[in-house]
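Q: Here is my input; please provide its structure:
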Amino acid sequence: ASLFAELLPALRPGVPGVYDLLGDSYRVIAFVLVYCAVFHQAARGPYRDLYLAQQQAAASEARVQALLESSTDWYWEQDAQFRFTLIQGWGAPVSGLPHGMYIGKTRWDLPIDNLSVQEWQAHRAALEAHLPFQDLLVRIADRNGDLRWVNVSGKPRFDQDGRFQGYYGVGRDITRIKDG
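A: Model prediction:
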């Protein structure tokens, strides 16, 4: 007969042979099993909450992405040197260039033709001072050479220690409104 068949009668509840069979190991095994059950129950709640929070954040991000894709707006981010690091949404890129043509470039690296030297200097000074900006109106040519009007707004980003991380904001193609 197998060892399992010999041990099975001794492992039934109420059979005095369990302690004799396992000795002090019985207490250790019982302690480990109880500890694992208690720890599992205690740890389960916070991890479940974290999992639910992650699921809610993912759903929220999906809603924002769907909203951006269904509008003429787009979302952008820049690093601390004002280079584009992310562009998402319909209008990105409004000029018809691939997204990669914007990534790593600053706004003043783009073919924007309506701002004077003084307007660029004022915009850059506001960025260097880490100030929010609204309704920066720029004109840029699309891939067909047609001029597009874009309204851009942004806010500075800071980490938890207050260090400047860059900007994030939105842009909107307002050509139809501007050209009336």
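Q: from here on, contacts and neighbour counts on C-alpha atoms
A: Noted.
Q: the strands in this structure, which residues?
A: With strands called from DSSP state E, the chain shows them at 73-78, 84-89, 133-141, 147-158, 164-173.
Q: Out of those strands, which one sits most buried?
A: Comparing those by mean neighbour count (mean count of other CA atoms under 10 Å), strand 73-78 comes out on top with a mean of 22.
Q: In PDB, could you pull the C-alpha coordinates for that strand?
A: Extracted in PDB, the C-alpha atoms of strand 73-78 (Å, rounded to 0.1, in the frame of the first residue of the first chain):
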ATOM      1  CA  ASP A  73      -8.600  69.200 -29.800                       C
ATOM      2  CA  TRP A  74      -5.400  67.500 -28.900                       C
ATOM      3  CA  TYR A  75      -3.400  67.100 -25.800                       C
ATOM      4  CA  TRP A  76       0.300  67.700 -25.600                       C
ATOM      5  CA  GLU A  77       3.200  67.500 -23.100                       C
ATOM      6  CA  GLN A  78       6.600  69.100 -23.100                       C
END
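Q: need the strands of the chain in CSV with mean pLDDT, can you?
A: Shown next, in CSV, are these (pLDDT from 0 to 100):
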stretch, mean pLDDT
strand 73-78, 87
strand 84-89, 86
strand 133-141, 91
strand 147-158, 92
strand 164-173, 92
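Q: now those as CSV including distance to residue 61?
A: Below are the strands of the chain laid out as CSV (distance: least, CA to CA, whole Å):
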stretch, distance to residue 61
strand 73-78, 12
strand 84-89, 12
strand 133-141, 24
strand 147-158, 18
strand 164-173, 15
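Q: Confirm for me that residue 170 is in contact with residue 76.
A: Yes. With contact defined as CA atoms under 8 Å, residue 170 counts as touching residue 76 (6.0 Å).
Q: Of all the strands of the chain, which one is nearest residue 58?
A: For the strands of the chain, the distance to residue 58 is smallest for strand 84-89, at 15.9 Å, taking CA to CA.
Q: Mind exporting the C-alpha coordinates of the closest one to PDB?
A: These are the backbone C-alpha positions of strand 84-89, laid out as PDB (Å, rounded to 0.1, in the frame of the first residue of the first chain):
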ATOM      1  CA  PHE A  84       7.300  68.000 -27.200                       C
ATOM      2  CA  THR A  85       7.300  64.600 -25.600                       C
ATOM      3  CA  LEU A  86       3.700  63.600 -26.200                       C
ATOM      4  CA  ILE A  87       0.900  64.600 -28.600                       C
ATOM      5  CA  GLN A  88      -2.400  62.800 -28.700                       C
ATOM      6  CA  GLY A  89      -5.700  63.500 -30.300                       C
END
